[in-house]
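[1] how would this look folded up:
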Amino acid sequence: FSAIGLYNPCVALKIEDEIVANDLVFDENATIYVLSGPNRGGKSVITCAIGLAQVMMQLGMYVPAESAVISPVGGIYTHFPTGADDTIDKGRLGEECARLSEILDCVTADSLVLLDESLSSTGSFEASYIAAEVLGGLAHVGCRCLFSTHLHELAAEIDNINARATK
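    Take a look at the predicted model:
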């Protein structure tokens, strides 16, 4: 997956301002990315854009980017915030971990995993620890993954997490 000038077409259709485009490359140097930044900084927007680009390419549609070289994936797995419907039995963290477990049971080396503000239902220390373990497992599998988060300390560990892919 290599996209230059990638943007989210859903957002582009709703705004009159200049479109903010981004570059992203999943390759042998990095299969796992942690995207951190402030609220309303565009983390979720680009996370969705990656998924949309993947789906659009696989459907033979125009990819919203200046240029893109994207190989097909066998599955796209997403973990985005949900409502409080399923938290009665497990609590919010339990619900998030159950959904992450379902993803981990299915993911293969030819998967794309998009995580948006996952594990935000617990403290930053616990969330960083759990997220690092999940991302380390995904790196070991060899799939492509983008995790958008407020966990800045997790972003500082990304080189160590990506290094697990070679072990």
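
[2] Buried residues in stretch 153-167, which are they?
    Within stretch 153-167, the residues scored as buried using 16 or more other Cβ atoms under 10 Å are E153, L154, A155, E157, I158, I161, N162, R164, A165. Placement of C-beta: from N, CA and C, glycine included.

[3] Keeping just the C-alphas, turn it into CSV.
    C-alpha atoms of stretch 153-167 as CSV (Å, rounded to 0.1, in the frame of the first residue of the first chain):
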residue,chain,number,x,y,z
GLU,A,153,3.7,7.3,24.5
LEU,A,154,2.5,4.4,22.3
ALA,A,155,3.7,6.3,19.2
ALA,A,156,7.1,6.5,20.7
GLU,A,157,7.3,2.7,20.8
ILE,A,158,6.4,2.1,17.2
ASP,A,159,9.9,1.2,16.0
ASN,A,160,10.1,-1.5,18.7
ILE,A,161,6.6,-2.7,17.7
ASN,A,162,7.5,-2.9,14.0
ALA,A,163,10.7,-4.8,14.9
ARG,A,164,8.5,-7.6,16.2
ALA,A,165,7.4,-8.3,12.6
THR,A,166,10.9,-9.6,11.8
LYS,A,167,11.1,-12.0,14.8
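
[4] Quick check: which ranges of this protein have low pLDDT?
    Counting by pLDDT under 70, the low-confidence segments of the chain come to 83-90, 165-167.

[5] Could you list every helix and strand that the longest helix along the chain packs against?
    In the chain, taking DSSP state H as the definition, the longest helix is helix 124-141. Applying 3 or more Cβ pairs under 8 Å, 6 or more residues apart in numbering; DSSP states H and E, we find helix 124-141 packed against strand 32-36, helix 91-106, strand 144-149, helix 152-155, helix 158-163.
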